[in-house]
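Chemist: Predicted model and sequence follow; I will ask about them next.
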Amino acid sequence: MGLPVEPTTDENWWSNGPIGLCGPDSEIFLWTGHEIPQGTPTSDDRWVEVWNHVMMRYVRHPDGSLEPMRRPGIDTGLGVERLMRILQNTRSVFEIDVFEPWLTTLPRLWGPLDDRSLRLLSDHLRSGIVVLGDHVTPSPSGRGHILRRLIRRTLTTLWRDDPTRTLSDLPIELVQHLEHFRQPVHPHAVRTILLDEEHKFDRLLQRGRKVLSHRRFTDP
């Protein structure tokens, strides 16, 4: 097709870590430039990866050996926001319409926020609310632990400049804005769980501060 070709044999491989499921993958990029495609995905950031297909064929053991899976499959994931960025011709995913309610509402709630903090809060809150809507709750392990980390990083960023900020300021309309995912958990229930996790994290931090501020004196 006249497009530049770049061998990426070593890169086209997905693994779940040092051990576990793995296999070759196919990465799908779209060209966002206005002229004829130039360069390659690793040399020109106007190539945007929107999709990938992982051919899940092996299990890697601690000794590095690969065991073929009895039932191989294909794990595929489409980056919907990245695709929308291309269709809406924006410079980043944070400029597409689904982020607009977050980027305009959060500064009104919590005052000026630097770009990085605003993007992190918008992304993590939105992601956390979607996960909560799928009947996942914060927990010490598994997918609930990932959700807990999302929420706690949100709170850490939120409280960094002003510890009086709280997720109770979030209007229910923002939670309802994600109803197009057609999730089984009601937005009000999602908001309740979110606030409960905030209170738990706040109590944990208070206990930790007491431990760190406590000084023990012993006789020489």
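Modeler: On my side now, so go ahead.

Chemist: From here on, just use CA atoms for contacts and neighbour counts.
Modeler: Fine.

Chemist: can you pull out the helices in the chain?
Modeler: Along the chain, the segments classed as helices by DSSP state H run 80-87, 100-110, 115-133, 142-161, 172-176, 187-213.

Chemist: Among those helices, show me which one is buried the most.
Modeler: helix 115-133 (a mean of 19; mean count of other C-alpha atoms under 10 Å).

Chemist: can you state the direction angle for that one and helix 142-161?
Modeler: With axes from the mean of the first three to the mean of the last three C-alpha atoms, to 10 degrees as the basis, helix 115-133 and helix 142-161 are set at 150 degrees to each other.

Chemist: roughly how far apart are Asp169 and Gly111?
Modeler: Separation of Asp169 from Gly111 (C-alpha to C-alpha, to the nearest Å): 12 Å.

Chemist: Show me where the protein dips below the pLDDT cut-off.
Modeler: 1, 3-10, 215-220 (pLDDT under 70).

Chemist: try it again with 50
Modeler: Across the chain, the ranges flagged by pLDDT under 50 are 217-219.

Chemist: List the buried residues of stretch 22-35.
Modeler: Of the residues in stretch 22-35, 22-25, 29-32 count as buried by neighbour count, 16 or more other C-alpha atoms under 10 Å.

Chemist: distance of Leu50 from Val93?
Modeler: Careful, residue 50 is Val; it's not Leu. According to C-alpha to C-alpha, Val50 and Val93 sit 12 Å apart.

Chemist: what do you get for Met55?
Modeler: From Met55 over to Val93 the distance is 27 Å, taken as C-alpha to C-alpha.

Chemist: before we move on, what about Val48?
Modeler: 11 Å.

Chemist: Check Ser168 too.
Modeler: Distance from Ser168 to Val93, counting by C-alpha to C-alpha: 26 Å.
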